[in-house]
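sequence first, then the predicted structure, then my questions.
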Amino acid sequence: MQWRDAANQWARFWTQPLPDDGGAAATGDGDAVANGAATTPAIDARAQLTRRYAERIAALWQATLLHAGGVVPEVAPEATAPYADDRRFDAPEWRSIAYFSWLRQAWMIHADYVLEWVKTVALPAPDARRLAFMARQYLDAIAPGNFAATNPVVQKRALESQGASLVHGATNFVADARRGRITMSDPDAFDVGRNLATTPGSVVFRNDLIEVLQYDATTPEVGKRPLVIIPPCINKFYILDLQARNSFVRHAVGQGHTTFMVSWRNIPTQLGTLGWDDYLQSGVLQAIDVAKRASGSSTVNALGFCVGGTLLASALAVLAARGDRSVASVTLLATMLDFADPGEIGVYVTPEFLAANEPAFMCGQRMQGGKLAAAFSSLRANDLVWKYVVDNYLQGRTPAAFDLLHWNGDSTSLPGPMYVYYIREMYLRNRLRERGALTMLGEPVDLSRIRCPAYIFATRDDHIVPWKSAWRSTALLGGDMTFVLGASGHIAGVVNPPDPPRRNYWTHDLPAGDADAWLARAQRIDGSWWPHWSAWLAHHAGGTRKAPRHAGNAALPALGPAPGDYVREEVA
């Protein structure tokens, strides 16, 4: 029983009252102790926090000793918010076996302590956010479920499979090391052009930066104005054309819109010097011109998603400065124009990062897509990193087929100068919102001069584009505004087809006031937001005409079938 006596002595040590100096001695401030000076509130708070932490750890240890042969009581049932109801500990062994129950609860108490401790550090808001983020990264990494020796589910599977699960896990790890990324979806389940991005159409234009796809009509008549879609350039366009059942493109075509899609190129080394203006001129404006020429319409409707929406709004500001009213309506999906609150990705976007990397980027070094994907995944490390470490490598499982996650791993690289401009002028300086602060393609940028009707869609749980940041676009654009808030996050909230009905959205005429005031008055509607958008866009179709028999025309002949060549390019 010597180990039990030692444990009791350890527990008594940690529950002794702290010195009355509140920890001043620990700070090295001997004069403060000698003179009886009052301690700072931060030191007092940390002393109290450490005392509570020690008491909780001691109570857990005592409970574990008393119930070593059975179920350990829940001494730490309430974890700090990020770890409440943590699904990683759903297996019954985390509660029914004393050792694993102790591990789980000790980690949760430690997580409480660390996350509360960082709140006591006085830092400027951006630095405080980064410190809290790094604390969560640390806690996620040391969770007991991430290691075979401290995960009962991993051990049980290894015993039941006679070690085969560990062999399969090692094989999965080697395969992912060669790929340079964690596999989140069955790598053999999907193939672009076979069961992803299968909406029929043709490539009707190609330059060094983009392909423009025109999709085949499926209705006898179509709107006179075509729809031009500008997807994110950080990933492939087919997030909006996944499988037939959840393809936004197929839905738009089915609603009678002649639909054009930009397919951004995965930037090779020779294009590493392209800048933001190149993406506007050779990308967005080129696509709008192609759609006008292919359809014979003098105006179009345009839609941008995420950074595609930022590029689209920039291009529309350029057109507005030139007096060009080619775009009759604009839809912005999960798009930021005001970067005052950039969301969690802001922890990576710092002046220090830019200063350290700008010289290389401006000389043509690309921002690798894999690095961007890893950064985005780290924002949801439990769901997008550690879950797959445990499942794929420790349990030796093959991940399930999931089209969204397959797309998530199919990233693209960006040219250095374009990336620098985006980070510096949008994220760090937030100048897009300021009238005339930026010049693009030789024109002063003023978003308020974009006076076409706008449909702005945000998602409530978006960690890339916080919905209140998307809301701020309503104060920047100059036309009639429709704001819709969807449930879920950045991707799943956007890709939400009507059948089967899932999730919900909120809508209301824009009132005076802030985002919270709008939400308090908004009507919640069950199901997909797609039909609501389709009804809105129908008012801007410009009438109807007979559907075209094929994509393109004599001046823009089809260059090949959709989804084209660029979407399949893999660049080292």
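Arrived safely.

just name the shakiest helix or strand of the protein by mean pLDDT.
Within the chain, no helix or strand scores below helix 30-34, which has a mean of 40 by mean pLDDT, DSSP states H and E.

following element in sequence after it, please.
Sequence-wise, the next helix or strand downstream of helix 30-34 (DSSP states H and E) is helix 41-66.

from the contact counts, what lies against that following helix?
helix 2-14, helix 98-119 (3 or more Cβ pairs under 8 Å, 6 or more residues apart in numbering; DSSP states H and E). No exception for glycine: its C-beta is placed from N, CA and C like everyone else's.

could you point out the helix or strand that follows the last one?
Once helix 98-119 ends, the next helix or strand along the chain (criterion: DSSP H and E) is helix 125-142.

which one of the helices and strands packed on helix 41-66 has the lowest average pLDDT?
Within these, the stretch with the lowest mean pLDDT is helix 2-14, showing a mean of 44.

pull the CA atoms of stretch 287-305 into CSV?
Only the C-alpha atoms of stretch 287-305 are listed here, as CSV (Å, rounded to 0.1, in the frame of the first residue of the first chain):
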residue,chain,number,x,y,z
ALA,A,287,-15.4,35.0,-67.7
ILE,A,288,-18.1,37.6,-67.7
ASP,A,289,-17.1,38.6,-71.3
VAL,A,290,-17.2,35.0,-72.4
ALA,A,291,-20.7,34.5,-70.9
LYS,A,292,-21.9,37.6,-72.7
ARG,A,293,-20.5,36.5,-76.1
ALA,A,294,-21.6,32.9,-75.8
SER,A,295,-25.1,33.7,-74.8
GLY,A,296,-25.6,36.9,-76.8
SER,A,297,-26.7,38.8,-73.8
SER,A,298,-25.4,42.2,-72.9
THR,A,299,-25.8,41.6,-69.2
VAL,A,300,-25.3,38.6,-66.8
ASN,A,301,-26.0,37.6,-63.3
ALA,A,302,-22.9,36.7,-61.2
LEU,A,303,-22.2,34.6,-58.2
GLY,A,304,-19.1,34.4,-56.0
PHE,A,305,-18.2,32.0,-53.3
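
show me which residues of it are buried.
Across stretch 287-305, burial judged by 16 or more other Cβ atoms under 10 Å covers 287-288, 290-292, 294-295, 297, 299-305.

if I pick Ala558, what's in contact with it?
If you count contacts by Cβ atoms under 8 Å, 6 or more residues apart in numbering, Ala558 has them with Ser202, Val203, Val204, His550, Ala551, Gly552.

got it, and Trp407?
With Cβ under 8 Å, 6+ apart, Trp407 has these contacts: Leu196, Asn235, Lys236, Tyr238, Ile239, Leu242.

now do the strands in the stretch 401-550 of the chain.
439-440, 443-444, 454-459, 481-486, 504-507, 523-526, 544-546 (DSSP state E, counting those that start in this stretch).

ok, which of those strands comes nearest Ala76?
strand 454-459 (32.9 Å; Cβ to Cβ).

pLDDT (mean, whole number) over the closest one?
Mean pLDDT, strand 454-459: 97.

quick one: it to strand 481-486, angle?
Comparing the axes of strand 454-459 and strand 481-486 via axes from the mean of the first three to the mean of the last three Cα atoms, to 10 degrees yields an angle of 20 degrees.

name the residues that touch strand 454-459?
With Cβ under 8 Å, 6+ apart as the test, strand 454-459 has contacts from 329-335, 465, 467, 470-471, 473-474, 477, 479-490, 492-494, 529, 533, 536-537.

who does it pair up with?
Paired neighbours of strand 454-459 in the sheet (DSSP bridges): strand 327-333 (parallel), strand 481-486 (parallel).

can you show me the CA trace of it as PDB?
What follows is strand 454-459, C-alpha atoms only, in PDB (Å, rounded to 0.1, in the frame of the first residue of the first chain):
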ATOM      1  CA  ALA A 454     -27.300  41.700 -54.100                       C
ATOM      2  CA  TYR A 455     -28.100  38.400 -52.400                       C
ATOM      3  CA  ILE A 456     -25.800  37.900 -49.500                       C
ATOM      4  CA  PHE A 457     -25.700  34.400 -47.900                       C
ATOM      5  CA  ALA A 458     -23.800  33.500 -44.800                       C
ATOM      6  CA  THR A 459     -23.700  30.500 -42.500                       C
END
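
got the buried residues for that strand?
Buried residues in strand 454-459, defined by neighbour count with 16+ other Cβ under 10 Å: Ala454, Tyr455, Ile456, Phe457, Ala458, Thr459.

nice, that's everything, thank you.
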